[in-house]
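Participant: 3D model of this:
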Amino acid sequence: MGAPRGTLPSTSNAGREVALDVLGCLATPEALRTLKRIGLEGCTDETRQAVAPLLERPALLSPRSPGPRMSRSKLLVAMREFVDGKPDKLDEAQSSATHEPNEHWPEEMVGALRAEDLPLLRQVRRTRMTYLSDEALEDYSVYSEILMSLVWKPEYVK
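Facilitator: Numbers count the residues shown, from 1 in each chain. Next comes the predicted model:
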């Protein structure tokens, strides 16, 4: 049995650092507030280096105006289709006009998406993980970075 609901995990709890990492990946206001409440006391240097920026000022993606291949409306259609098992439009949105990878697609997504689009973005991230590949793990990280860039506010960690 764990600690009673609402209590913070002990600094000696073996799962504490895993819990801190999971909270950081959630990229929600509630998770950031909880991360702040729990704190980093007793954590390894590795965990501190990974989590501390979320409690201060993380390196967030700068919004970039989406190009014609990634307008908000096109992106939402592509994301819905991706969740429905049709990845072609999302793959196309993430590539350049010459069909090369678009290195700016994460910033373009940050520039295109709104708060009301976050549930769909979370679905895309979850769906992408079902591909069980190295690329899917990399994409999970990128989608988490996009989510954090859209969610993080200093008041959540004060």
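
Participant: Residue 121: what's it in contact with?
Facilitator: Going by C-beta atoms under 8 Å, 6 or more residues apart in numbering, residue 121 touches 79, 109, 113, 143, 146-147, 150. (Glycine included, C-beta is placed from N, CA and C.)

Participant: Please point out which parts of the longest helix belonging to the chain sit buried.
Facilitator: If you go by DSSP state H, the chain has its longest helix at helix 134-151. For helix 134-151, a neighbour-count test (16 or more other C-beta atoms under 10 Å) marks 139-140, 142-151 as buried.

Participant: same question, stretch 89-109
Facilitator: So, applying 16+ other C-beta under 10 Å, buried residues of stretch 89-109: 89-90, 93-94, 102, 104-109.

Participant: what two of those have the greatest distance between them?
Facilitator: Based on C-beta to C-beta, the longest span within the buried residues of stretch 89-109 runs between 89 and 107 and measures 19.2 Å.

Participant: now the closest residue to residue 128 other than its chain neighbours: how far from residue 17?
Facilitator: What sits nearest to residue 128 in space, not counting adjacent residues and going by C-beta to C-beta, 6 or more residues apart in numbering, is residue 139, at 4.9 Å. From residue 139 across to residue 17, the span is 24 Å (C-beta to C-beta, to the nearest Å).

Participant: Pretty sure residue 74 sits in a helix.
Facilitator: Yes: checked against DSSP: H, G, I helix; E, B strand; the rest coil, residue 74 lies within a helix.
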